[in-house]
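Undergrad: how does the following fold in three dimensions:
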Amino acid sequence: MSSNPRQLKLLDLVRGQGSASVEQLAEQLAVTLQTVRRDVQRLADAGLLTRFHGGVRVPSSTVENLAHQQRESLNAEGKARIARAVAQRVPNNCSLILNIGTTTEAVAKALLQHQGLRVITNNLNVAAILCGNTDCEVIVAGGVVRARDRGIVGEAAVDFMRQFRVDIAVIGISGIEADGTLRDFDYREVKVAQTIIEHAREVWLAADSSKFNRPAMVELARLSQIDRLFTDQAPPQPFPGLLEEANVSCEIA
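TA: Have a look, this model is predicted:
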């Protein structure tokens, strides 16, 4: 599905509260009960929310991410805007690391016209996309391939990333919590991402608005380890203050 801004806001409200009644959502969104019920049904059909009598809740815990296809369709237009903003800032003839995630895959698509790039990735989807740019050298990490999203994880991938020092790492994330931590679900993926951060001169976080206040089990990093954040909507409270305190430049696409 392709979610509209109202449905994305509804999703954010439910994620922030854990659950909500239809009446609460109608009041918070300033729309009719019928509109909320229709939006909830669409989000439930896509597996993004779970309905119960009179309300709705998040479908999964902090230990399991949404399926790749669901994540790919969620806020696809916002991710495309983020990707274009990132691509505008990436100079030709530089070295990059792109990690696992549907937003970094969108960034890969936006880089197809760049020249002289050397891209290292542990994401087979990113590698397949950028192979379409004949003026881009793609280097793929070794390791265990996760069938569900073609991400490469494990100690072999960690060791591989340690060989490099790149100009820019563009990373995706599953959630940014209100304490300033960046979080994900798979500790093996997190170990690779932490190594990527350590081996980049600049770290750019590409995260759409659904990632704010979204919980996940494993701490990947803190905002203070990020140089730039690219997102599609103004971050909600308390994130503006956290970003300023961490000296993170925020670009809203």
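
Undergrad: residue 55 touches residue 26, doesn't it?
TA: No. Under the criterion of Cβ atoms under 8 Å, residue 55 makes no contact with residue 26, lying 11.3 Å away. Where C-beta positions appear, they are placed from N, C-alpha and C, glycine not excepted.

Undergrad: show me where the stretch 1-150 of the chain has strands.
TA: In the stretch 1-150 of the chain, strands defined by DSSP state E, counting those that start in this stretch lie at 19-21, 50-52, 55-57, 95-98, 117-121, 136-140, 144-146, listed in chain order.

Undergrad: okay if I get the ones you listed as a markdown table plus mean neighbour count and distance to residue 161?
TA: Output for the strands of the stretch 1-150 of the chain, formatted as a markdown table (neighbours: other Cβ atoms under 10 Å; distance: least, Cβ to Cβ, whole Å):
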| stretch | mean neighbour count | distance to residue 161 |
| --- | --- | --- |
| strand 19-21 | 18 | 39 |
| strand 50-52 | 14 | 37 |
| strand 55-57 | 19 | 37 |
| strand 95-98 | 26 | 7 |
| strand 117-121 | 22 | 7 |
| strand 136-140 | 17 | 10 |
| strand 144-146 | 15 | 14 |
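
Undergrad: could you export the ones you listed as TSV, including mean pLDDT and distance to residue 203?
TA: Output for those, formatted as TSV (pLDDT from 0 to 100; distance: least, Cβ to Cβ, whole Å):
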stretch	mean pLDDT	distance to residue 203
strand 19-21	80	34
strand 50-52	78	34
strand 55-57	79	34
strand 95-98	98	9
strand 117-121	98	14
strand 136-140	98	19
strand 144-146	94	23
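
Undergrad: which of the ones you listed sits closest to residue 248?
TA: Closest to residue 248 of the strands of the stretch 1-150 of the chain, according to Cβ to Cβ: strand 95-98, at 18.6 Å.

Undergrad: and that closest one, what does it pack against?
TA: Strand 95-98 is packed against helix 102-110, strand 117-121, strand 166-171, with contacts defined by 3 or more Cβ pairs under 8 Å, 6 or more residues apart in numbering; DSSP states H and E.
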